[in-house]
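Okay, predicted coordinates and the sequence, questions at the end:
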Amino acid sequence: ASWEKQVRHSATPRRPNGLSVLVTGAAGFVGSHSSLALKKRGDGVLGLDNFNSYYDPSLKRARQDLLSKQKIFVVEGDINDAELLKKLFDIVPFTHILHLAAQAGVRYAMQNPLSYVNSNVAGFVNLLEVAKSSDPQPAIVWASSSSVYGLNTNVPFSEDHRTDQPASLYAATKKAGEAIAHTYNHIYGLSLTGLRFFTVYGPWGRPDMAYFFFTKDMLQGKAINVYVTNDDKEVARDFTFIDDIVKGCIGALDTAEKSTGSGGKKRAPAQLRVYNLGNTSPVSVVKLVGILESLLSLKAKKHVVKMPRNGDVPFTHANVTMALKDFGYKPTTDLATGLRKFVKWYVNYYGIQSRLKKENDHSDDS
Ligand code: NAD
């Protein structure tokens with residue numbers, strides 16, 4: 001009963017007409033930031049996360065502690081557990097789901113293909129099955145990915161560009177998610193909004209992402225691999241700061257139509273929407289390393305290597321006109337500013353101020 005009470009309490013909004021949101025992947029990078037921002041507005045937030053060990057689970061636990069200090073409860077469970085989901089929907093009439101739980105990362109898919117199918121395809125279907133039969137039907141905003149544009153080189157990417165050339169299994173499962181969403185919208189009138197995030201970075205970020213492990217390796221004096229394309233072009237990403245992404249998620253939640261219920265007889269079914277959320281300003285990985293060098297006051301040991309065919313794409317760049325028009329999405333943080341905030345968090349979190357100082361002293365030599 002006390003578990004039920006925690007669930008209900010966490011999900012209850014504290015402002016008039018506040019949302020009641022189930023955030024899946026709440027102990028993750030984007031999930032933890034979004035949960036905190038929603039709670040701050042007075043919305044009700046219940047988290048769900050399976051705390052898997054794809055990357056250091058202690059980082060997920062530390063994010064959970066942050067959430068718990070703000071009275072956000074994170075249920076430990078899997079989106080494939082239909083009984084658990086039904087139980088949560090029996091306790092709380094969620095108005096919205098922010099679905100961020102997924103198996104992320106493109107390279108890991110080569111060793112663990114089924115993990116992607118389980119979380120990004122089966123888990124998503126399981127969640128939609130429960131959502132479609134709950135009353136009221138929640139509006140769903142979920143994380144797709146810029147990776148759906150795959151090997152498309154026609155930049156900047158607009159939402160109507162081709163997405164039939166995924167370069168990784170990760171991208172293929174995100175693309176499958178968009179197709180699955182379409183069917184649940186079409187048949188059951190579920191309100192669904194997909195967000196194609198472009199390389200999100202910032203404090204509390206993911207250790208498997210380049211800006212994160214570059215920082216770690218550079219501080220440890222280890223060499224880093226900087227990829228270039230086979231024709232020696234620089235690899236670049238439309239790095240997008242976490243606070244901008246969170247604003248986009250909230251904008252999408254606030255403008256989501258209500259689900260119309262099975263058949264949507266009285267009204268036209270809610271529209272399926274898909275938006276790019278990027279920074280509209282790609283930066284090369286070489287430049288990224290340069291910014292980190294100046295923030296950390298040290299020189300990286302760089303190996304410039306040709307990008308292997310491991311699921312990575314050479315270039316991403318978002319056109320965000322649609323998100324701007326529909327919910328005022330406007331990224332405001334450039335990479336140097338965002339990375340400064342990341343580095344500040346990193347040295348504080350890993351308690352390496354003293355080491356950084358030492359490194360700073362060293363850099364006087366060069
Ligand atoms: P993350 O790995 O930090 O967060 C995902 C969370 O979901 C993790 O805490 C994980 O434990 C949880 N999870 C995974 N599978 C689960 C399951 N089956 N049941 C319950 N919980 C599960 O990743 P993130 O960077 O915060 O990404 C959030 C979403 O955004 C993901 O869907 C990801 O694919 C997508 N995305 C992220 C980026 C990015 O650059 N960070 C870019 C494009 C898309």
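Okay, I see it. Residues are numbered from 1 along each chain as shown.

need the residues of the protein near the ligand, please.
Neighbours of the ligand within the chain, by Cβ under 6 Å from any ligand atom: 25, 27-31, 49-52, 60, 78-80, 100-104, 119, 123, 143, 145, 197, 199-200, 206. Glycine gets a C-beta too; all of them are placed from N, C-alpha and C.

Separate out the buried members of those.
Buried members of these, counted by 16 or more other Cβ atoms under 10 Å: 25, 27-31, 49-50, 60, 78-80, 100-104, 119, 123, 143, 145, 197, 199-200, 206.

Among the residues of the chain next to the ligand, which are located in strands?
Among the residues of the chain next to the ligand, the residues falling in strands (DSSP state E) are Asp49, Ala143, Ser145, Phe197, Val200.

Now distance to Asp90 too, for those, in JSON lines please.
Compiled in JSON lines, those are given as follows (distance: Cβ to Cβ, whole Å):
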{"residue": "Asp49", "distance to Asp90": "20"}
{"residue": "Ala143", "distance to Asp90": "26"}
{"residue": "Ser145", "distance to Asp90": "32"}
{"residue": "Phe197", "distance to Asp90": "31"}
{"residue": "Val200", "distance to Asp90": "33"}
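
pLDDT for those - can I get that in CSV?
Listed next are those as CSV, based on pLDDT from 0 to 100:
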residue, pLDDT
Asp49, 98
Ala143, 98
Ser145, 98
Phe197, 98
Val200, 98
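
since we're on Leu59, how many residues are nearby?
Neighbour count of Leu59, defined by other Cβ atoms under 10 Å: 18.

dump the residue contacts of it.
Trp204, Pro207 (Cβ atoms under 8 Å, 6 or more residues apart in numbering).

how close does it sit to Asp160?
Distance, Leu59 to Asp160, by Cβ to Cβ, to the nearest Å: 37 Å.

nearest spatial neighbour of the residue in the chain that the ligand sits nearest to, skipping sequence neighbours?
Relative to the ligand, the nearest point of the chain is Gly28 (2.0 Å; Cβ to the nearest ligand atom). Nearest non-adjacent residue to Gly28, counting by Cβ to Cβ, 6 or more residues apart in numbering: Leu100, 6.0 Å away.

again with Lys132
For Lys132, ignoring the flanking residues on the chain, the nearest one in space by Cβ to Cβ, 6+ apart is Tyr188 at 4.3 Å.

so where's the chain uncertain?
Applying pLDDT under 70 to the chain flags residues 1, 262-269, 353-366.

for the stretch 151-300 of the chain, what spans make up the strands?
Assigned by DSSP state E, counting those that start in this stretch, the stretch 151-300 of the chain shows strands spanning 192-197, 200-201, 223-228, 236-237, 240-241, 273-277, 283-284.

Could you list the paired strands of the fifth one along with their orientation?
Partner strands for strand 240-241, per DSSP bridges, with pairing direction: strand 200-201 (parallel).

Not counting the partner strand itself, show me its contacts.
Strand 200-201 is touched from outside by 29-30, 209, 211-212, 239-242, 245, 338-339, 342, with contacts defined as Cβ under 8 Å, 6+ apart.

doesn't Ser134 make contact with the residue nearest to Lys132?
No - with contact defined as Cβ atoms under 8 Å, Tyr188 does not reach Ser134; the gap is 11.1 Å.

Please tell me I have it right and Leu48 contacts Val75.
Yes - Leu48 lies in contact with Val75 (Cβ under 8 Å); the separation is 5.0 Å.

shared neighbours, the two?
Leu88.

Confirm Leu98 sits in a strand?
Yes - under DSSP: H, G, I helix; E, B strand; the rest coil, Leu98 falls within a strand.

what's near enough to touch it?
Shown in contact with Leu98 (Cβ under 8 Å, 6+ apart): Val21, Leu22, Val23, Thr24, Gly31, Ser34, Leu38, Val141, Trp142, Cys249, Leu253.

export these to CSV and tack on distance to Lys175?
Below are the contacts of Leu98 laid out as CSV (distance: Cβ to Cβ, whole Å):
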residue, distance to Lys175
Val21, 25
Leu22, 24
Val23, 23
Thr24, 19
Gly31, 21
Ser34, 23
Leu38, 28
Val141, 18
Trp142, 13
Cys249, 20
Leu253, 23
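
If burial is judged by neighbour count, which of the residues you listed pass?
The neighbour count (16+ other Cβ under 10 Å) marks Val21, Leu22, Val23, Thr24, Gly31, Ser34, Leu38, Val141, Trp142, Cys249, Leu253 as buried among these.

Without its sequence neighbours, what residue ends up closest to Asn276?
Ala318 (4.3 Å).

count of neighbours near that neighbour?
28.

In terms of secondary structure, what does the biggest helix by length in the chain contact?
Assignment by DSSP state H gives helix 169-188 as the longest helix of the chain. In terms of contacts (3 or more Cβ pairs under 8 Å, 6 or more residues apart in numbering; DSSP states H and E), helix 169-188 is packed against helix 113-116, helix 123-132, strand 139-145, strand 192-197.

what angle sits between that helix and strand 273-277?
Helix 169-188 runs at 150 degrees relative to strand 273-277, counting by axes from the mean of the first three to the mean of the last three Cα atoms, to 10 degrees.

for the residue nearest to Phe212 when sequence neighbours are not counted, what are its contacts?
Leaving out its chain neighbours, the residue that sits closest to Phe212 by Cβ to Cβ, 6+ apart is Gly205, at 5.4 Å. Gly205 makes contact with Phe29, Tyr211, Phe212, Ile242, Phe342, according to Cβ under 8 Å, 6+ apart.

and Gly205, how far is that from Phe213?
Taken as Cβ to Cβ, the span from Gly205 to Phe213 is 10 Å.

ok, back up a step: what is the most widely separated pair among the contacts of strand 200-201?
Val30 and Leu339 (17.4 Å; Cβ to Cβ).
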